[in-house]
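>>> Build me a model:
(chains A, B, C and D)
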Number of protein chains: 2
Amino acid sequence: MHVTVELLPLHDLQACCAPIVGEPITPTNAQSLAKALKAIADPARLRILSMVAAHEDREACVCDLTEPLDLAQPTVSHHLKVLVDGGFLTRTKRGTWAYYRLVPGALDSIAGLLATV
Amino acid sequence: MHVTVELLPLHDLQACCAPIVGEPITPTNAQSLAKALKAIADPARLRILSMVAAHEDREACVCDLTEPLDLAQPTVSHHLKVLVDGGFLTRTKRGTWAYYRLVPGALDSIAGLLATV
DNA sequence: CGCATTCATCGATGAATGTCAATATCGAAG
DNA sequence: CTTCGATATTGACATTCATCGATGAATGCG
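Alright, predicted model coming up:
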């Protein structure tokens, strides 16, 4: 690299680099929003959220999801853990069963953040 | 602080306490929604969308994004391609520059789909 | 106690992803 | 036509991820 001094060509500034109007999202906020989106950006996890919402009493256990998802039980448990860690589901253990419920407003807040981008 | 308050008004009783809610999402719809979410589930791509929206005339070229993103030019071009293929950005080439714009309503439709899950 | 059931965790594996250097393409300018 | 600058594409690499079999932990039952 033989360039030691960087000069700014004015015609490029005018043609290409116009001033910024509003406030873009901060890198930190982008990271956290991306993390939340990654948690639901999966077909199986979206189906899980929908199936929990559609299930009786708005709760479901692993055994309710394994067969319709056509996935092995450890895989379903993995997806459920991702959704719980992401704040989209809660876990309640009753007896040998673990029941999962939607966190109210979790999806809506993500949808609201998307609308503000 | 222990907050356990019933917040739902009476006219939402039917929507709230119905034994069975709507049909779960179909595997096909889950796949397409997940694909769209994957396209924006990345910090750099979220920042790109925000920076394009905040930029003058609501459009930006690659050279506007490379430096603030602190990413190499091929990486920025890659992210832009993902966003264009996902239907979130349009590309217009004028001279040697490629200008990117938001697709109106693209993010809102995703946000709307999320609310229906 | 011993056994079955339900679910979580671990380890491995193949696929997808983000990143960049090198190169190619394409238009503008001399 | 030749060169330069902006962008796209390619190839490679490291990381992350989705999946499953095997195993472990906890509970209920006889």
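>>> only C-alpha atoms for contact and neighbour calcs from this point on.
Noted.
>>> excluding its backbone neighbours, what's nearest the residue most central in space within chain A?
Nearest residue to the geometric centre of chain A (C-alpha atoms, centre = their mean): residue A:37, 2.1 Å. Sequence neighbours aside, residue B:41 is the residue nearest to residue A:37 in space, at 5.0 Å (criterion: C-alpha to C-alpha, 6 or more residues apart in numbering or on different chains).
>>> Equivalent analysis for residue A:31, please.
In space, residue A:31 is closest to residue B:43, 4.8 Å off (C-alpha to C-alpha, 6+ apart).
>>> what about the one you found, neighbour count?
Look at residue B:43: counted by other C-alpha atoms under 10 Å in any protein chain shown, it has 20 neighbours.
>>> likewise the one 3 residues further on?
By the other C-alpha under 10 Å criterion, the neighbourhood of residue B:46 contains 26 residues.
>>> Same question for residue A:116.
Per other C-alpha under 10 Å, the neighbour tally for residue A:116 reads 10.
>>> Relative to chain B, how far out is it?
Residue A:116 sits 9 Å away from chain B, going by C-alpha to the nearest C-alpha, to the nearest Å.
>>> Tell me the spacing between residue A:93 and residue A:101.
To residue A:101, residue A:93 is 11 Å away according to C-alpha to C-alpha, to the nearest Å.
>>> Among the two, which residue is more densely surrounded?
residue A:101 (20 against 10).
>>> quick revisit: list the contacts for the residue nearest to residue A:37?
Neighbour list for residue B:41: A:33-38, A:41 [criterion: C-alpha atoms under 8 Å, 6 or more residues apart in numbering or on different chains].
>>> one more time with 6 Å
A:34, A:37-38 (C-alpha atoms under 6 Å, 6 or more residues apart in numbering or on different chains).
>>> Now do the contacts for residue A:48.
Contacts of residue A:48 by C-alpha under 6 Å, 6+ apart: none found.
>>> Over to residue A:66?
residue A:73 are the contacts of residue A:66 under C-alpha under 6 Å, 6+ apart.
>>> Let's verify it: helix, strand, or coil?
helix (DSSP: H, G, I helix; E, B strand; the rest coil).
>>> Would you mind measuring from it to DNA strand D?
9 Å (C-alpha to the nearest atom of the strand, to the nearest Å).
>>> do the same with residue A:95
From residue A:95 to DNA strand D the distance is 4 Å (C-alpha to the nearest atom of the strand).
>>> can you give me the helices in chain A?
Ranges of helices within chain A are A:10-16, A:27-40, A:43-54, A:62-69, A:73-85, A:106-116, based on DSSP state H.
>>> among the ones you listed, which is the most enclosed?
helix A:43-54 (a mean of 23; mean count of other C-alpha atoms under 10 Å in any protein chain shown).
>>> So for it, mean pLDDT?
For helix A:43-54, mean pLDDT is 98.
>>> Next one: that helix, is it in contact with DNA strand C?
No - residues of helix A:43-54 are not located near DNA strand C by C-alpha under 7 Å from any atom of the strand, the shortest gap being 11.9 Å.
>>> residues contacting the residue nearest to residue A:31?
By C-alpha under 6 Å, 6+ apart, the neighbours of residue B:43 are A:30-31, A:34.
>>> Now do residue A:77 against chain B, distance only.
Separation of residue A:77 from chain B (C-alpha to the nearest C-alpha): 19 Å.
>>> Please determine how far the closest residue to that residue other than its chain neighbours is located from residue B:22.
Distance criterion C-alpha to C-alpha, 6+ apart; nearest residue to residue A:77, sequence neighbours excluded, is residue A:62 at 7.0 Å. Note on residue A:62: its distance to residue B:22, by C-alpha to C-alpha, is 20 Å.
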